[in-house]
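J.: Take this sequence and fold it.
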Amino acid sequence: MKYKNPGQNLPNRFLLFCNALLLCGLFFFPGCKPATGTNLKKHSINFIAMGTYITMSAYGDQAGKALELSEEKIKELEDLWSVSYEKSEIYRVNNSRGETTQISTETEELLEFALAMAEKTEGTFEPTIYPVVDAWGFTSHQYRIPGKEELAGLLKNTGYKKVCLSDGNIHLSDGVKLDLGAVAKGYAGDMVVDLLKQQGITSALLDIGGNIQLIGKKPDGGKWRIGIRNPFDDGETIGIVEAEDCAVITSGGYERYFTGENGKKYHHIINPATGYPAESGLASVTIVAKKGRLADVLSTALFVMGLEQATGYWRQHQNFDMILITENGGIHITKSLSDRFSTNGGTSPAVIDTIDAQ
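T.: Here you go, the predicted model:
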């Protein structure tokens, strides 16, 4: 089998979140240097955590120390939420064999949010999908195509309603296991944003394995320019969105996949209803939202939903914006993004459609 997994050479200690987007779906365009008269010095830090590469840049005299604290925070959360680290809380929960497990406040709050979003998205975001993802080999890199009967059996042990969370304790039925890969990076990004703001940082860009989170504007007062990856052309962008003080997160089937002996590609975004990689007609979903946790979850959930259902979900909630790219090359964007999104020169999408709140 042929496969694409940009994280395959990371140490096993870092292969933590099986749905993490290990290759950036977004690109950052600096645009320009800080304007004359702005004395904000740029500080940057790079490291590996949560199964991916992380780059964070912040501006200001306290930025260097603030970034060091941010790295420490992310690694603390990694030690809590890893699915492979035997001392992590999630590992203990997943191997509790039906016993109630005590968890920290950070983990409880993450799970409360995950379960609430599973309910809101009617299970298209499913935090208990781990056994199915593991069966496909996306956790071990031993890729295979599970049989229908095997998947049917595994799906019996999935379902967010099988998670009982109460007063710092969690209970899973035996065989149920958590996979927080579609929310953990966004949630961690939110916590880092809060930390940096507490340290007085007013301008920063965080790239957490392709999850982009922004503090304020650029030091020159302009908006950040974030390139949206072209799902049909590796390494190219299909457009640019201008943003500030928000999260911009993309999910796509092009990021982690393998090609079976039958010649078909199987990507890592699993439809919880079928146990198979989602076939929704979408090539990628980009979410722009105030919180990274919301953008992270919805980029996965709406990819599973497909264009029509995702559009309906947005019209119902409207607390985020989105860019949906279909498999036929169409680009569909919410109306409030229309004056902040532009396609690349030479790009000729089949459809450019503006989604309004009708």
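J.: what is the rounded mean pLDDT of stretch 136-155?
T.: Averaging pLDDT along stretch 136-155 yields 95.
J.: what's the distance between that stretch and the middle of its chain?
T.: 22 Å (CA atoms, centre = their mean, to the nearest Å).
J.: Could you check the pLDDT of residue 182?
T.: 94.
J.: How about the contacts made by it?
T.: 19, 125, 127, 251, 296-297, 299-301 (CB atoms under 8 Å, 6 or more residues apart in numbering). C-beta here means a position set from N, CA and C on the backbone, and glycine is covered the same way.
J.: Which ChimeraX command selects the buried ones in those?
T.: Selection of buried members from the contacts of residue 182 for ChimeraX, criterion 16 or more other CB atoms under 10 Å:
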select :19,125,127,251,296,297,299,300,301
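J.: Mind putting the contacts of residue 182 into JSON lines with distance to residue 101?
T.: Formatted as JSON lines, the contacts of residue 182 follow (distance: CB to CB, whole Å):
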{"residue": "19", "distance to residue 101": "22"}
{"residue": "125", "distance to residue 101": "22"}
{"residue": "127", "distance to residue 101": "15"}
{"residue": "251", "distance to residue 101": "29"}
{"residue": "296", "distance to residue 101": "24"}
{"residue": "297", "distance to residue 101": "23"}
{"residue": "299", "distance to residue 101": "29"}
{"residue": "300", "distance to residue 101": "25"}
{"residue": "301", "distance to residue 101": "26"}
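J.: among the contacts of residue 182, which are in helices?
T.: In helices, defined here by DSSP state H, the members of the contacts of residue 182 are 296-297, 299-301.
J.: will you turn the contacts of residue 182 into JSON lines that also has distance to residue 156 and pLDDT?
T.: Formatted as JSON lines, the contacts of residue 182 follow (distance: CB to CB, whole Å; pLDDT from 0 to 100):
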{"residue": "19", "distance to residue 156": "20", "pLDDT": "40"}
{"residue": "125", "distance to residue 156": "19", "pLDDT": "98"}
{"residue": "127", "distance to residue 156": "16", "pLDDT": "98"}
{"residue": "251", "distance to residue 156": "26", "pLDDT": "96"}
{"residue": "296", "distance to residue 156": "27", "pLDDT": "98"}
{"residue": "297", "distance to residue 156": "24", "pLDDT": "98"}
{"residue": "299", "distance to residue 156": "27", "pLDDT": "98"}
{"residue": "300", "distance to residue 156": "22", "pLDDT": "98"}
{"residue": "301", "distance to residue 156": "22", "pLDDT": "98"}
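J.: any idea how far residue 225 is from the residue most central in space within the chain?
T.: Nearest residue to the geometric centre of the chain (CA atoms, centre = their mean): residue 296, 3.8 Å. Distance, residue 296 to residue 225, using CB to CB, to the nearest Å: 21 Å.
J.: same thing with residue 66?
T.: Distance from residue 66 to residue 225, by CB to CB: 24 Å.
J.: Have a look at those two and say which one is more surrounded.
T.: Neighbours were counted for residue 66 and for residue 225 using other CB atoms under 10 Å; residue 66 has more, 23 against 18.
J.: so the more buried one, which of the three states?
T.: Using DSSP: H, G, I helix; E, B strand; the rest coil, the secondary structure recorded for residue 66 is helix.
J.: Show the pLDDT at it.
T.: The model's pLDDT for residue 66 equals 98.
J.: repeat for residue 39
T.: Confidence score, pLDDT, at residue 39: 72.
J.: for it, helix, strand, or coil?
T.: Going by three-state DSSP: residue 39 is coil.
J.: what about the closest residue to residue 155 other than its chain neighbours, how many neighbours?
T.: Nearest non-adjacent residue to residue 155, counting by CB to CB, 6 or more residues apart in numbering: residue 275, 5.2 Å away. Look at residue 275: counted by other CB under 10 Å, it has 22 neighbours.
J.: pretty sure residue 275 contacts residue 156?
T.: No: using CB atoms under 8 Å, residue 275 is not in contact with residue 156; the gap is 10.5 Å.
J.: I'd like to know how many residues surround residue 44.
T.: For residue 44, using other CB under 10 Å, the count is 12.
J.: and it, backbone torsions?
T.: When read as degrees, to the nearest 10, the backbone of residue 44 gives phi -130, psi 160.
J.: how about the helices in the stretch 151-300 of the chain?
T.: 184-198, 292-305 (DSSP state H, counting those that start in this stretch).
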